[in-house]
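Visitor: any chance you can model this:
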Amino acid sequence: LAQALDIAAQIADALDAASHAAPVRKIGPLLDQPVSGMRAWVLPEEERAAVNTEVLAIYDRALQAFQDMGVMLVRMPLPTPLTEAMQIAGELMSAEGYASLGALFEQEQLEFDPHVRRRILLGRDISAARYQALLAARTRAQAAMQQSMAAADVCIFPTNAIAAIPVAAARTCSSAAANG
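Guide: Residues are numbered from 1 along each chain as shown. Predicted structure coming up:
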């Protein structure tokens with residue numbers, strides 16, 4: 001697993017200029033040493049309000065497990081608040097999604113998830129100037145995050161702010177959609 005993670009951490013998506021240009025932190029050596037004494041940057045208190053209580057409960061249990069193993073929790077603010085980072089990322093995804101798939105999503109006779117269609121079509125209204133500003137904001141946010149990472153060995157943040165729906169519920173939703 002350690003070798004697989006080290007390899008995965010070094011692979012950049014060749015089709016995505018942002019990930020290709022992103023700095024790579026080699027995690028392989030960290031996986032071979034004890035975690036006791038590691039500095040783990042955790043979600044700041046001011047960002048926790050945006051995370052579902054179920055996710056926070058699981059996250060807090062994980063943090064306690066890491067502390068029990070000797071991991072030192074580092075509490076410091078994020079250089080870019082999550083709401084701002086999500087806005088930048090969301091607008092970029094809409095703009096780039098529309099550039100790639102807009103013609104397809106413009107076709108009303110084709111069925112797409114309405115939430116996905118809305119997100120893609122939002123890209124239609126993002127100007128070139130706004131897109132350039134978003135790219136610059138992302139670059140600044142990436143640089144600030146990289147600089148902040150000097151105070152920690154790892155980040156331990158929730159992957160998602162909401163809990164996934166149970167598989168049985170997803171099956172029920174997809175069956176209902178298929179049956180009209």
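
Visitor: which strands and helices lie in contact with the longest helix anywhere in the chain?
Guide: Ranked by number of residues, the top helix in the chain under DSSP state H is helix 82-105. When contacts are defined as 3 or more CB pairs under 8 Å, 6 or more residues apart in numbering; DSSP states H and E, helix 82-105 packs onto helix 114-122, helix 128-148. (Each C-beta comes from the backbone N, C-alpha and C, glycine too.)

Visitor: can you list the strands that the helix or strand following the last one pairs with?
Guide: So the one you mean is helix 128-148. For helix 128-148, the following helix or strand on the C-terminal side (DSSP states H and E) is strand 154-156. Using DSSP bridges, strand 154-156 pairs in its sheet with strand 39-42 (parallel).

Visitor: report the mean confidence score over the strand it pairs with.
Guide: The pLDDT scores in strand 39-42 average 95.

Visitor: ok, residues contacting the helix or strand following it?
Guide: Going down the chain from strand 39-42, the next helix or strand is helix 53-68, by DSSP H and E. Helix 53-68 has contacts (CB atoms under 8 Å, 6 or more residues apart in numbering) with 35, 40, 42-43, 48, 51, 73, 156, 158, 160-163.

Visitor: buried sites along whatever helix or strand comes next after helix 53-68?
Guide: Sequence-wise, the next helix or strand downstream of helix 53-68 (DSSP H and E) is strand 72-75. Buried residues in strand 72-75, counted by 16 or more other CB atoms under 10 Å: residue 74.

Visitor: run the chain-centre distance for strand 72-75.
Guide: Taking CA atoms, centre = their mean, to the nearest Å, the mean C-alpha location of strand 72-75 is offset from the chain mean by 21 Å.

Visitor: circling back to that earlier point, closest one to residue 88 among the helices and strands packed on helix 82-105?
Guide: Residue 88 lies closest, by CB to CB, to one member of the helices and strands packed on helix 82-105: helix 128-148, at 5.1 Å.

Visitor: got the phi/psi numbers for residue 163?
Guide: Per-residue torsions, residue 163: phi -80, psi 150 (degrees, to the nearest 10).

Visitor: quick check: closest non-adjacent residue to it.
Guide: Residue nearest to residue 163 in three dimensions, not counting chain neighbours: residue 54, with 4.6 Å by CB to CB, 6 or more residues apart in numbering.
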